[in-house]
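S.K.: model this:
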Amino acid sequence: MDSIDTIILPAARRTGGMPVMEALAARRSSRDFDTSRSLDLQTLGDLLWAAWGINRTKGRTAPSSHNRQEIELYIFLATGVYRYDATAHVLVRLFKDDMRAATGTQPFVGSAPVEIALISDTSKIIGKTPQGVTEATYADTGFICENIYLFCASENLATVARALVPKEELAARLRLRDSQIITLVQTVGYPAQNR
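M.R.: Predicted coordinates for the structure are as follows:
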């Protein structure tokens with residue numbers, strides 16, 4: 001993966017998995033990750049599709065206010081930082097540096113295999129008051145976050161959503177525009193062996 005700037009993800013498996021009621025029963029936050037295992041491309045592709053993929057014409061696996069689809073997923077891996085292009089179902093590398101540690105302050109950040117930053121482009125939300133923009137952004141973030149939780153429960157992966165993120169410093173490193181705000185970061189990986 002080191003020399004590839006666009007990673008073509010395998011087509012998402014849209015069948016199988018745990019029944020939704022079982023996934024809800026198994027859903028939990030975990031901060032204990034097996035740092036020796038990376039997610040394979042199939043699992044990573046399935047995860048991203050479940051989070052915020054295209055599931056029908058002009059539709060996504062999570063809702064957004066007035067279907068504005070203002071959230072972007074930035075994927076932090078050991079091989080760099082990528083943006084998930086849901087339409088093409090690919091990862092587009094933005095930076096070659098391993099910036100996982102820059103996404104938070106907890107001890108596991110930087111060693112867990114995947115960090116997913118949810119970034120809202122607020123310029124896409126028009127016709128709302130500033131409070132309405134904030135409400136829409138965080139509601140839409142929550143929908144995607146819960147999709148990640150349910151996918152992880154179904155696939156026996158560990159995950160935790162984190163708001164302890166040095167947002168200003170990370171936004172500067174990512175060269176985000178003023179209209180782009182980091183709402184939260186979600187860590188994903190295999191559970192630690194001692195669980």
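S.K.: show the average pLDDT along stretch 40-47.
M.R.: Per-residue pLDDT over stretch 40-47 has a mean of 97.
S.K.: how about stretch 7-22?
M.R.: 93.
S.K.: which residues does that stretch contact?
M.R.: Contacts with stretch 7-22, where a contact means Cβ atoms under 8 Å, 6 or more residues apart in numbering, come from 1, 23, 26, 41-42, 44-46, 48-50, 53, 55, 82, 89-91, 93, 150-151, 153-155. (Each C-beta comes from the backbone N, C-alpha and C, glycine too.)
S.K.: among the residues you listed, which are in strands?
M.R.: Mapping the contacts of stretch 7-22 onto strands (DSSP state E) picks out Asn55, Tyr82, Val90, Leu91, Arg93.
S.K.: contacts only, for the third one.
M.R.: Each residue near Val90 by Cβ under 8 Å, 6+ apart is listed here: Thr6, Ile7, Ile8, Leu9, Tyr84.
S.K.: just the buried residues out of those residues, in PyMOL syntax.
M.R.: Selection of buried members from those for PyMOL, criterion 16 or more other Cβ atoms under 10 Å:
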select buried, resi 7+9+84
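S.K.: which residues of this structure fall in strands?
M.R.: 6-8, 54-56, 59-60, 71-77, 80-85, 90-95, 114-121, 158-162, 180-189.
S.K.: what's the angle between the longest one and strand 114-121?
M.R.: For strand 180-189 against strand 114-121, the angle between stretch directions is 160 degrees (axes from the mean of the first three to the mean of the last three Cα atoms, to 10 degrees).
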